[in-house]
Every structure is written in C-alpha cells, then in structure tokens.
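Q: What follows is a predicted structure for the sequence shown.
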Amino acid sequence: MDLNQASQVAVDRIIADLSDRRGLRQEWDQIDNEMQAVIREEWRVIIEQSLAGLQNPSPLSRDIAQVLNRHSAENGSNTPDFILSDFLLGCLATYDSTQARRERWYGRTDAPGQSPGNEGILTPVDTTPV
C-alpha cells in the first residue's frame, strides 16, 4: 500500500468513526457531497504529509535526534528523540514566524546577509562567554 492509499484508508476510517458517533453522523450527512469530497481530500493531504514527514525526516531533524540520544537528553521526559527533535524544530519555526511578524509590525526588515548597523536591522547579540 503506497502513501496515497494509506492516507485514503485513514480518511475513510476517520469518517466511519465520526459517522458512528451520536449527532456527528447527522452533521456529516448534512454536508453536500461536493464539500464532503473537498474535506476528504484535504484530510487525505494532511495525513499524507504527516506520514511522509515520519518516513523522511530532514537531515537537521535526524542530527538533533542523534544529539539528544547521544546525551540521553530524552530520558527526563521518556519521549523518543525523534519526537523531541520535531518539537524543537517546531519551536524554532514558531520563533522565526513570531520574530518576522514583530518586525513587520514595526515596519522593519530583518533579511539575512544585511550588515549590522543598517536602520531597521537587528544586530545579533554576542553570546561569547566572558
């Protein structure tokens, strides 16, 4: 079974589960067939992308997971290293997005490769130990 087929089976199972719950079956049945098809396809894509991410982690995700494992950093939470790696990358993505939104709010730009000191450019903090 390929990824497309697996995601379709998952969507079918989710809809069957929804349809087996009191009140939700009637709600699902009231949605017209065209919209149901759109919802099914969107769910299929979400599931397929999620499964693809599990099958093909990025090199950075693999590296982070290996470092966590090498230092047994996952032991404190008893969470698999690959899950912690995904969490940390999610935190980084959220930070990047938040910082970009803040800079747009203030009308500033923060583009990689710009020299420090330009108006509207944030300069990195020196993190060298003293």
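A: Great, that's in hand. Small disclaimer: the values here were computed from a predicted structure and weren't measured. Numbering: from 1, shown residues only.
Q: what residues go with each domain of the chain?
A: For the chain, automatic domain parsing gives the domain ranges 1-56, 57-110.
Q: Where do the helices of this structure begin and end?
A: Taking DSSP state H to define them, one finds helices in the chain at 3-19, 24-30, 33-55, 59-70, 81-105.
Q: Which strands and helices lie in contact with the least confident helix or strand in the chain by mean pLDDT?
A: Least confident helix or strand of the chain, by mean pLDDT, DSSP states H and E, is helix 33-55 with a mean of 83. Judged by 3 or more CB pairs under 8 Å, 6 or more residues apart in numbering; DSSP states H and E, helix 33-55 is in contact with helix 3-19. For the C-beta atoms, the positions are set from N, CA and C on the backbone; glycine is no exception.
Q: quick one, the helix it packs on and helix 33-55 angle?
A: Interaxial angle, helix 3-19 versus helix 33-55 (axes from the mean of the first three to the mean of the last three CA atoms, to 10 degrees): 120 degrees.
Q: now what about the least confident helix or strand of the chain, what contacts it?
A: Applying CB atoms under 8 Å, 6 or more residues apart in numbering, the external contacts of helix 33-55 come out as 3-4, 6-8, 10-11, 14-15, 28, 31, 86.
Q: to the chain's geometric centre, what's the distance from that helix?
A: Centroid separation between helix 33-55 and its chain, computed with CA atoms, centre = their mean, to the nearest Å, is 15 Å.
Q: List the residue ranges of this structure that fall below the pLDDT cut-off.
A: Within the chain, the segments meeting pLDDT under 70 span 52-55, 110-130.
Q: mind redoing it with 90?
A: Residues of the chain that meet the criterion pLDDT under 90 lie in 1-8, 18-29, 41-42, 44-59, 61-62, 74, 79-87, 89-90, 93-94, 96-130.
Q: Look up how far residue 84 lies from the residue most central in space within it.
A: Central residue of the chain (CA atoms, centre = their mean): residue 90, 6.0 Å from the mean position. In this view, residue 90 and residue 84 are 10 Å apart by CB to CB, to the nearest Å.
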